[in-house]
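**Q** Take a look and give me a structure for this.
(one chain, ligands or ions: 2)
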Amino acid sequence: MSEPVFVAFATQKGGAGKSTLTALTASCLHYLDGVEVMVIDCDDRQHSFKDYRDKDVVVTQENPYLKRAMFNFYKKFKGKPYEILLTNPAEAAQVAVDRLEEGADPKVVFFDITGTINDPAIVRLLAVMDYLFVPISTDTADMKSSIRFASHVVNQMVTTGQTKIKSVNLVWNRIPSKAKTTLCDLIDKYMEELGLHSLDTVLSSSARFFKDGAVSGKTGLFRSTMMPPDRQLLKGSNLPELVREIRETIKV
Ligand SMILES: Nc1ncnc2c1ncn2[C@@H]1O[C@H](COP(=O)(O)OP(=O)(O)OP(=O)(O)O)[C@@H](O)[C@H]1O
Ligand SMILES: [Mg+2]
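**A** Ligands and ions are numbered 1, 2, ... in the order given. Predicted structure coming up:
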């Protein structure tokens with residue numbers, strides 16, 4: 001059993017895409033790349049992953065098109081859906097360690113964390129992550145919030161050497177297509193001066209991120225915790241590029 005890497009998408013800003021990017025990355029790794037993952041949902045204010053999994057179960061039972069897609073996928077995949085453990089920030093690290101000691105053997109453990117740096121339990125949890133990914137958008141208030149969060153983690157936590165964190169990477173998400181090359185490039189240069197690094201991949205604002213299934217219709221799933229993103233919806237999403245960059249970063 002090799003030690004898994006602990007990964008979190010984190011930022012103060014609510015609605016930045018932390019849970020969505022966690023689910024998409026986890027599912028691509030587990031269901032497309034064959035890299036076993038586990039998710040610790042420590043956002044005890046809303047437990048988004050419980051909602052995602054519950055919805056997955058409903059739509060793949062009720063919608064005949066998705067039921068068939070699920071059947072066909074598991075015929076080839078052979079493995080199981082990844083485990084989702086529900087807890088809170090104070091207990092999350094221990095819950096993961098306990099599960100590993102019980103025999104779970106994921107290569108990556110994702111922690112879905114609520115967004116605040118004012119809670120000491122969250123700061124302690126962030127400190128035991130190996131890698132942090134900070135979603136950032138081009139909306140001015142969101143951008144400031146993500147830069148402030150990443151700077152705080154780098155300057156107050158990483159450089160003091162009191163954390164396991166090996167790198168903090170910003171991830172452009174929810175970007176209107178026109179802003180892609182101009183604004184992101186400009187802000188990347190500014191962030192570099194602050195010692196902050198962003199991944200090359202930019203995720204657009206796109207309706208596919210809402211596609212997590214309905215009880216009828218023939219639209220595939222993009223964000224699912226039980227299946228990989230639908231192949232048609234993956235096209236042009238830049239998600240495979242993001243996952244490749246994340247794998248390079250976390251060395252998995
Ligand atoms: N690239 C995108 N394009 C369009 N919608 C997106 C994109 N990324 C995320 N969203 C949507 O934004 C909303 C908020 O995302 P999500 O719940 O993942 O954010 P969060 O950071 O986890 O929020 P919270 O702080 O409440 O936990 C969701 O409805 C999600 O589908
Ligand atoms: Mg969330």
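
**Q** any residues touching the one helix or strand Lys189 maps to, and which ones?
**A** Assessed by DSSP states H and E, Lys189 sits inside helix 179-193. With contact meaning C-beta atoms under 8 Å, 6 or more residues apart in numbering, helix 179-193 is reached by 136, 138, 143, 147, 150, 170, 172, 175, 197-198, 202, 204. For the C-beta atoms, the positions are set from N, CA and C on the backbone; glycine is no exception.

**Q** those strands in the stretch 51-200 of the chain, which residues are they?
**A** Assigned by DSSP state E, counting those that start in this stretch, the stretch 51-200 of the chain shows strands spanning 83-86, 108-112, 131-136, 167-175, 197-204.

**Q** Quick one: the contacts of helix 179-193 as CSV, columns for neighbour count and pLDDT too.
**A** Output for the contacts of helix 179-193, formatted as CSV (neighbours: other C-beta atoms under 10 Å; pLDDT from 0 to 100):
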residue, neighbour count, pLDDT
Ile136, 29, 96
Thr138, 21, 92
Met143, 19, 94
Ile147, 19, 96
Ala150, 27, 96
Leu170, 24, 98
Trp172, 26, 96
Ile175, 20, 93
His197, 15, 96
Ser198, 20, 97
Val202, 20, 94
Ser204, 17, 94
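
**Q** I'd like those as JSON lines, with distance to Gly236 appended.
**A** Output for these, formatted as JSON lines (distance: C-beta to C-beta, whole Å):
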{"residue": "Ile136", "distance to Gly236": "21"}
{"residue": "Thr138", "distance to Gly236": "19"}
{"residue": "Met143", "distance to Gly236": "24"}
{"residue": "Ile147", "distance to Gly236": "28"}
{"residue": "Ala150", "distance to Gly236": "28"}
{"residue": "Leu170", "distance to Gly236": "22"}
{"residue": "Trp172", "distance to Gly236": "16"}
{"residue": "Ile175", "distance to Gly236": "14"}
{"residue": "His197", "distance to Gly236": "25"}
{"residue": "Ser198", "distance to Gly236": "21"}
{"residue": "Val202", "distance to Gly236": "12"}
{"residue": "Ser204", "distance to Gly236": "9"}
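
**Q** so which of these comes closest to ligand 2?
**A** Distance to ligand 2, by C-beta to the ion, is smallest for Ile136 among the contacts of helix 179-193, at 15.3 Å.

**Q** What is the neighbour count of the nearest residue to that closest one once chain neighbours are set aside?
**A** With C-beta to C-beta, 6 or more residues apart in numbering as the criterion, Ile136 has its nearest non-adjacent residue at 3.8 Å, and that residue is Ser146. Look at Ser146: counted by other C-beta atoms under 10 Å, it has 28 neighbours.
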